[in-house]
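Asker: following is a predicted model, sequence given first.
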Amino acid sequence: MNTKMIYIILFIICVSVCWILVRYMPFKEMNPLKHMLEANNLFCIQYLIFSCYFFLFESFAVWKVLICALTFSVIFIFVLMLKGVSCKKWDYARISRQEIVLLLVILFVILPLINITSEEIAIDTDQGAYFLHTCTLMEEKSKEIHFLQEIGKISNEVDNGIRELTNDLKCYYHEKNEDIFYIHALGSWCSYTALFGKMFGVWYSRKAVNYLYILIVLNFFYVCKKIMASKYNLYLYIVMFALSPPLLYIGKAGLSEIVILYLVGIGLNYIFQKGIFFSLISGICIGLIGYVHISMYAYIPIVTGIVLLRSTQRKKLAWFNIVQLIMFGFSIWYAYKISPIYVKKQYLRFTLNGKLDYFFIFVLVDLLVIIAVIIQILILKEKIKVIDKIGTILYENYRKISVAIWAMIFASTVYYTYFMCFTDKFVIKDGEDAATWIVRNSYVNKGISAISHLNIVNISRAVGIIGILIFIAIPFLNRKLSDITITLYYVGLYAMIIWTVLQMDTPSNYYCSRYFVPVLIPMIVLSIVSYVQSQNWCIYFIMIVLLYSHRFLPAFLMGGPKVGQYELLQDTLEVIPENAIVFCHPESHMINARLSNNLRILNDNEIYNLNNMDEVLNFYSNSNINAYIISELELEHNADLLKSKIFLSQYSFGNGRNGTYDIGVDTYEIPLFIYKVGE
């Protein structure tokens, strides 16, 4: 039995045991499809929790996490049996017509559209950084990546050459005067891609993204069933959410938004179940977001505030709030421990550009968390009556508040439109660390066409245009809304403020529209699902969304974000043996970004700057070590050319002209030359 099969069997056993464990959970209704979903949900949450634990001590290994998840489930079942807790004797409900339609859409539409996943391996992109995270986890080298074995080995000049190569990789952080390196963002969510890599091979690790996307679609489907104003709205959800181009992009790109969206979906799934038990589980799910992503702190205040207000009437929400708050408080220190430089960059804005110490900021955040928890406990004990009064005022006057917020959003949009289209006010200055946003300079002050890059335009595209119009119209229409709809609407409005008032534009569409996906897009769709009552209007909305989005779907069948780079790495691994010395041409950025660090992890190669070749070879002159050169340029060196090939790769299909979602897939060439240095 090979290693891959062992991991597949372990995965199946873990999910099967979770299937049994679900039988002890107090669900009120169940059918085979939902049972399978909940078993996978239970496994995924356990798997992520244990992964985060091993990440903390830099001792992650897929087999360790699987064994821990399996052991926990078995012990938990055994304890329940000892306590005399019996399995729930459900009368399985039939799979409904809507569920059958959803399954057919998943099998014959969604899976074909997301089947081809990203093959981006360049460390200077988010997707490439996550691929390196995946490789690091699969090879169990989480410590080794922080300390390059080449540094401090030969001379200061050689070390400076290595630093020159790493400085070219923007997603590979290290602080000045310290040779401790961290890959971009938090890699904890890549525990899922590492699992699929162990089961099917590193080239199929991104299938974990497809797996999570299917679970997302199913989880939000059952949320919609709980809150829908009409049974036909489930079809509207399928078209507006599950088949939304930015959502499908998330379902095939190796980006952290996939797991954030999954945690939001499963959290909502459980919060709409009856009982405090599900409130606690939901709090854990939402609380886990802080352990896989940093930027979600922007949503914590409004979620906390709204739940505080509603917990006066629904006590179970208080337990959700306490759990997610406590987990968020700890997540800051966790994230700082596993990726300190990245966390510093994210929290720099709160330090007033370095004037305040990070420790002070983190302690301040935790103090606010403690205060919120205390307030929540006091609300539980009915010690604070004023919160109930504030909640009543805000919910009874949601129309006036919504109108005021929309006025602010539209005023800021007009302001940004003028200055972005006709002035240089928002040009990013040379030397400013703006990451992807430096692309803004290509459309600022270029006329009215720049308006297509405004976030509000891209948000509208993400929900088929008609979705944003319905969302805007909800408070203006004369109909009494449920508390659930108002709550969803408030969270959506807050997210709109973040992405239209605080962050005005995105320089590309699919790639940067992903920022709207984890919270804003679900809130818009769920608000509409809980509001629209007319069957006819539901059909009209479905037709409009399909008319808008259908022309973008063929591009998904043609490829994935930057497909075509695995072949480059595979061919290189076939030519360059393990433990060899590799010299990288310092002007070959594409090859350096795609190969250097992946060769370190997957092939145990040492990577040096080609400019230091003579000194490095002299250092190893008495060792029987092979030496190679990688370059995207043809070189004149005393070395034998082993491989010369041009690899064809796809651009992301999301970067269309003039701010439109692209409907085609363009390609570009990556030249590779591999030389073997003579004896």
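Answerer: Good, I have the coordinates.

Asker: lowest-pLDDT helix or strand in the protein?
Answerer: Lowest on mean pLDDT, DSSP states H and E among the helices and strands of the chain sits helix 300-310, with a mean of 74.

Asker: okay, buried residues for that helix please.
Answerer: By neighbour count on 16 or more other Cβ atoms under 10 Å, the buried set for helix 300-310 is Ile300, Ile302, Val303, Thr304, Gly305, Ile306, Val307, Leu308, Leu309, Arg310. C-betas here are computed from N, CA, C, even on glycine.

Asker: just put the residues you listed in JSON lines and tack on distance to Lys198.
Answerer: JSON lines is the format used below for the buried residues of helix 300-310 (distance: Cβ to Cβ, whole Å):
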{"residue": "Ile300", "distance to Lys198": "33"}
{"residue": "Ile302", "distance to Lys198": "38"}
{"residue": "Val303", "distance to Lys198": "35"}
{"residue": "Thr304", "distance to Lys198": "37"}
{"residue": "Gly305", "distance to Lys198": "42"}
{"residue": "Ile306", "distance to Lys198": "40"}
{"residue": "Val307", "distance to Lys198": "38"}
{"residue": "Leu308", "distance to Lys198": "42"}
{"residue": "Leu309", "distance to Lys198": "45"}
{"residue": "Arg310", "distance to Lys198": "42"}
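
Asker: tell me which two in those are the farthest apart.
Answerer: Spatially, the most separated pair among these is Ile300 and Arg310, at 16.0 Å (Cβ to Cβ).

Asker: return the alpha-carbon coordinates of the least confident helix or strand of the chain using CSV.
Answerer: Output in CSV follows, covering the C-alpha atoms of helix 300-310 (Å, rounded to 0.1, in the frame of the first residue of the first chain):
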residue,chain,number,x,y,z
ILE,A,300,-15.2,42.1,14.4
PRO,A,301,-16.6,45.4,15.9
ILE,A,302,-19.9,45.3,13.9
VAL,A,303,-20.5,41.6,14.4
THR,A,304,-19.8,42.0,18.1
GLY,A,305,-22.0,45.0,18.4
ILE,A,306,-25.0,43.6,16.5
VAL,A,307,-24.9,40.4,18.5
LEU,A,308,-24.7,42.3,21.7
LEU,A,309,-27.9,44.1,20.8
ARG,A,310,-29.8,41.0,19.7
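
Asker: could you number the chain from 5 rather than 1 from now on?
Answerer: Taking 5 as the first residue, the last one we looked at is helix 304-314.

Asker: helix, strand or coil for Val69?
Answerer: helix (DSSP: H, G, I helix; E, B strand; the rest coil).

Asker: let's see the pLDDT reported for it.
Answerer: Val69 carries a pLDDT value of 98.

Asker: residues touching it, list them.
Answerer: Applying Cβ atoms under 8 Å, 6 or more residues apart in numbering, we find Val69 in contact with Tyr51, Phe54, Ser55, Phe58, Ser195, Leu199.

Asker: same check on Leu557?
Answerer: Applying Cβ under 8 Å, 6+ apart to Leu557 gives the contacts Leu117, Leu247, Pro249, Leu252.

Asker: same deal with Glu103?
Answerer: Here Glu103 is in contact with Asn35, Leu37, Phe225 (Cβ under 8 Å, 6+ apart).

Asker: please repeat the previous calculation with a cut-off of 10 Å.
Answerer: Contacts for Glu103 (Cβ atoms under 10 Å, 6 or more residues apart in numbering) come out as Asn35, Pro36, Leu37, Lys38, Ala97, Leu222, Phe225, Tyr226, Lys229, Leu238.
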